[in-house]
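Chemist: This is the structure alone, sequence omitted:
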């Protein structure tokens, strides 16, 4: 038989499709409109969508690299697990830049997005449903976001919101709408309901993480105050 063929990085190409060309054209028109009418939210939406598109393209390329045709799933999962957290960090930072977050928060936002998405992927690998995996990942994002943001005298939302970018069910919503437009109403409704459950799980996970981090933050403040008093006494 033939030897297994391994897809290396130089064998994987990202080529524009008709839908991809329309996506780029739409982003260009949105950017021109935002510049012309000085729309702040237009800039946010344009760069957010552009960042998501770039990250998804790189994730697809990285996931295919290393695929062995005799067992393509193993190569895909291996590439996905290794490359997705750094790409999630890139997506979180891109989202934060689009939302005009302070530059001093960008490293924290990147780490929060990468850690949360790594936990999310680990939960999926253990067989947990997507809403449950998103909730677990966002609990960590909410906790880390609160602790790191308050340490830098910033709002936790400035870290938490972009940190959840890669867990948002945007692709599920697109697939659900595609099912509905193609006449497959059952699959479309089920997919949209799953996307809604994931979105609710993300919000609930972030709130729970914030609540869990509040006592820890208070304890860290008490420890720092005790250290200050001890240094003053000495």
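Modeler: Nice, thanks for sending it over. Note that this is a predicted model, so its numbers are computed, not measured.
Chemist: Low-confidence ranges, the protein, go.
Modeler: 1-16, 58-83, 216-234 (pLDDT under 70).
Chemist: can you give me the helices for it?
Modeler: Assigned by DSSP state H, the helices in the chain fall at 18-37, 40-64, 72-98, 106-125, 130-151, 157-163, 170-181, 185-233.
Chemist: by contact count, what packs against the second one?
Modeler: Translated: helix 40-64. Counting by 3 or more C-beta pairs under 8 Å, 6 or more residues apart in numbering; DSSP states H and E, the packing neighbours recorded for helix 40-64 are helix 18-37, helix 72-98. In short, each C-beta sits where N, CA and C put it, glycine included.
Chemist: switch the cut-off to 10 Å
Modeler: On a contact count with 3 or more C-beta pairs under 10 Å, 6 or more residues apart in numbering; DSSP states H and E, helix 40-64 meets helix 18-37, helix 72-98, helix 170-181.
Chemist: export the ones you listed to CSV and tack on mean neighbour count and distance to residue 134?
Modeler: Below are those laid out as CSV (neighbours: other C-beta atoms under 10 Å; distance: least, C-beta to C-beta, whole Å):
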stretch, mean neighbour count, distance to residue 134
helix 18-37, 12, 25
helix 72-98, 20, 13
helix 170-181, 15, 11
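Chemist: Dump those into a markdown table; add distance to residue 57 as well.
Modeler: Output for the helices and strands packed on helix 40-64, formatted as a markdown table (distance: least, C-beta to C-beta, whole Å):
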| stretch | distance to residue 57 |
| --- | --- |
| helix 18-37 | 9 |
| helix 72-98 | 10 |
| helix 170-181 | 13 |
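Chemist: quick one: which of these is nearest residue 47?
Modeler: Nearest to residue 47 among the helices and strands packed on helix 40-64 is helix 72-98; the distance by C-beta to C-beta comes to 3.6 Å.
Chemist: Out of the helices and strands packed on helix 40-64, which is closest to residue 192?
Modeler: Nearest of the helices and strands packed on helix 40-64 (C-beta to C-beta): helix 170-181, 3.8 Å.
Chemist: ok, residues contacting that closest one?
Modeler: The contact list for helix 170-181 (C-beta atoms under 10 Å, 6 or more residues apart in numbering) reads 49, 52, 56, 130, 169, 184-199.
Chemist: just the angle between it and helix 130-151, please?
Modeler: The directions of helix 170-181 and helix 130-151 differ by 140 degrees, with axes from the mean of the first three to the mean of the last three C-alpha atoms, to 10 degrees as the criterion.
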